[in-house]
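> What would the 3D arrangement of this be:
(one chain, ligands or ions: 2)
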Amino acid sequence: MFDYLIVGAGFAGSVLAERLANGSNKRVLICDKRPHIGGNAYDHYNDDGILVHKYGPHIFHTNSREVFEYLSRFTEWRSYQHRVLAHVDGQHVPIPINLDTINQLYGLNLTAFEVEEFFKKVAEPCEKIRTSEDVVVSTVGRELYEKFFRNYTRKQWGLDPSELDASVTSRVPTRTNRDDRYFTDTYQAMPLHGYTRMFERLLDSPNIKIMLNCDYREIERDIQFREMIYTGPVDAYFDYRYGKLPYRSLEFKHETHSTAQFQSAPVVNYPNEQAYTRVTEFKYLTGQEHNKTSIVYEYPQAEGDPYYPIPRPENADLYTKYKALADTQTGVHFVGRLATYKYYNMDQIVAQALTVYGKIVGMKRKEAAKTIVAKTETKISVPAYQIPKPNGNGNGKSLPTLS
Ligand code: FAD
Ligand code: UDP
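Ligands and ions are numbered 1, 2, ... in the order given. Now for the predicted structure:
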């Protein structure tokens, strides 16, 4: 008899498995229909011995000390600041758009003050920012919107930015300084030995049994359990009763090249000419040294594994109906990006899972993240990661001088 059946061994399922097993001494069965743990964050060494992310680049960043400290019990870290170039008008320029982007693109030599004026001149004011088009056009104007955002978004989502919530393109800021980091969170680091190793440690408990290649529907009638944690797509759980909730999919094309370096940045975005959206070179992310290099192309798809909930009003309405149904299910907790239909990053999913655990045990999230009754935490001796000083970039180097 299990206390919990957990469906899905990604961040949501694995954090809850760890907490229930080690924080509450519950017996847990976690299953995943894929042949591995880690969900979309799964990484592995390919045939050439290069560590790659099977489902596209996963970069860990968070402002939550609690989430960072929680995960630090299961991994050491490699400090890593992510940088992205966009291929626009035949040039590679920094994205998020910053002072250097404008100067390079237009052959100018503006200062931070002047570029602010530049943005003010080209921006098209908008009374109420509702859509992903509004966000960008009201900040950097239509020309830059068309160069960097319009086609990328149409390709990525199969929708025009005007059909998507503002939250989608709001993920990418605009800067008037020369900061070319993709994220500015306090904690930015990669698990030193990869995500899968971290998941192995999360799930390393005598209270946790793991079943891979296993859709929960194949076993739910044959095993006994008290409650379920469900982290798959919410519409699938209910046999699409109200119709399909749209999720966007991707096809990943992995390649290995017999050269030490393939491109000049960890990720290059291709907003316009190509069918793919971006190319990632993994060695930048992992810090691995190797005489070959592995990359991945991302091709957006309408059909296939569900990767992205699509934030727009009609989908939110449909999700509300499924949410109401989910709320009536006693003994089933819906957690994670697919089950709560939220475009969440990994750290947000960890926070969500810790909150759900806190609710289950009647504790505040902060305390709930720490209790240990069944097993001492994995001992990690020397933390490789130094908490960055304010305004530092975490690599011990200071940011480029702002003009
Ligand atoms: P998932 O990881 O999707 O796990 C759900 C699991 O449930 C899956 O393994 C699935 O196989 C399993 N499952 C589903 N149905 C069943 C069933 N019927 N029976 C058994 N098992 C089932 N976040 C970041 O913070 N930084 C990034 O750089 C980043 N990059 C990303 C890049 C891409 C291309 C994608 C798609 C996402 C990215 N994310 C990133 C988001 C990140 O992947 C998610 O936040 C996180 O993995 C969600 O965890 P989860 O457990 O909710 O879902
Ligand atoms: N985006 C864009 N051009 C870019 C980068 C991002 O249009 O060069 C838009 C696009 O709609 C994308 C969204 O901003 O889906 C969020 O970008 P992010 O890099 O956060 O996407 P993710 O890593 O989640 O795929």
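> Give me every residue in the stretch 201-350 of the chain lying close to ligand 1.
Within reach of ligand 1 by Cβ under 6 Å from any ligand atom, the stretch 201-350 of the chain has these residues: 215-216, 231-232, 250, 307, 336-338, 344-347, 349. All C-beta spots, glycine's among them, are computed from the backbone N, C-alpha and C.
> Now the buried members of these.
Using 16 or more other Cβ atoms under 10 Å as the burial test, these include 216, 231-232, 250, 307, 336-338, 344-347, 349 as buried.
> quick one, what contacts the closest residue to G158 other than its chain neighbours?
Leaving aside its chain neighbours, G158 sits nearest to A302 (5.8 Å; criterion: Cβ to Cβ, 6 or more residues apart in numbering). With contact set as Cβ atoms under 8 Å, 6 or more residues apart in numbering, A302 has these partners: G158, R248, S249.
> Selection in PyMOL covering whichever of those are buried, please.
Remark: buried members of the contacts of A302, expressed as a PyMOL selection using 16+ other Cβ under 10 Å:
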select buried, resi 248
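> and the contacts of A302 as a markdown table, adding pLDDT?
As requested, the contacts of A302 are exported to a markdown table (pLDDT from 0 to 100):
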| residue | pLDDT |
| --- | --- |
| G158 | 98 |
| R248 | 98 |
| S249 | 98 |
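> Please flag which of the contacts of A302 sit within helices.
Using DSSP state H, no member of these sits in helices.
> Stretch 89-108 near ligand 2 anywhere?
Yes. Counting by Cβ under 6 Å from any ligand atom, ligand 2 has neighbours in stretch 89-108: I95.
> what's in contact with that stretch?
Contacts of stretch 89-108 (Cβ under 8 Å, 6+ apart): 83-86, 88, 109-112, 115, 118, 140, 144, 147-148, 172-180, 182, 264-265, 268-269, 403.
> run the last query once more with 7 Å
Residues from elsewhere that reach stretch 89-108 (Cβ atoms under 7 Å, 6 or more residues apart in numbering): 84-86, 88, 109-110, 112, 115, 118, 140, 144, 147-148, 172-180, 182, 264, 268-269.
> Closest to G39 out of the contacts of A302?
Proximity of the contacts of A302 to G39, judged by Cβ to Cβ, is greatest for S249, which lies at 14.9 Å.
> beta partners for the closest one?
For S249, the beta-bridge assignment (DSSP bridges) gives partners Q301.
> Would you confirm that it contacts Q301?
Yes. The pair S249 and Q301 passes the contact test of Cβ atoms under 7 Å, sitting 4.3 Å apart.
> As TSV, the contacts of A302 with distance to ligand 2 would be great.
Below are the contacts of A302 laid out as TSV (distance: Cβ to the nearest ligand atom, whole Å):
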residue	distance to ligand 2
G158	11
R248	9
S249	12
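> Check the gap between the closest residue to K54 other than its chain neighbours and L16 for me.
Distance criterion Cβ to Cβ, 6+ apart; nearest residue to K54, sequence neighbours excluded, is Y42 at 5.2 Å. To L16, Y42 is 18 Å away according to Cβ to Cβ, to the nearest Å.
> picking that back up, and the gap between the residue nearest to K54 and ligand 2?
Distance of Y42 to ligand 2, computed by Cβ to the nearest ligand atom, to the nearest Å: 17 Å.
> That residue: what's it in contact with?
Contacts were defined as Cβ under 7 Å, 6+ apart; by that measure Y42 touches H36, K54, Y55, Y195, T196.
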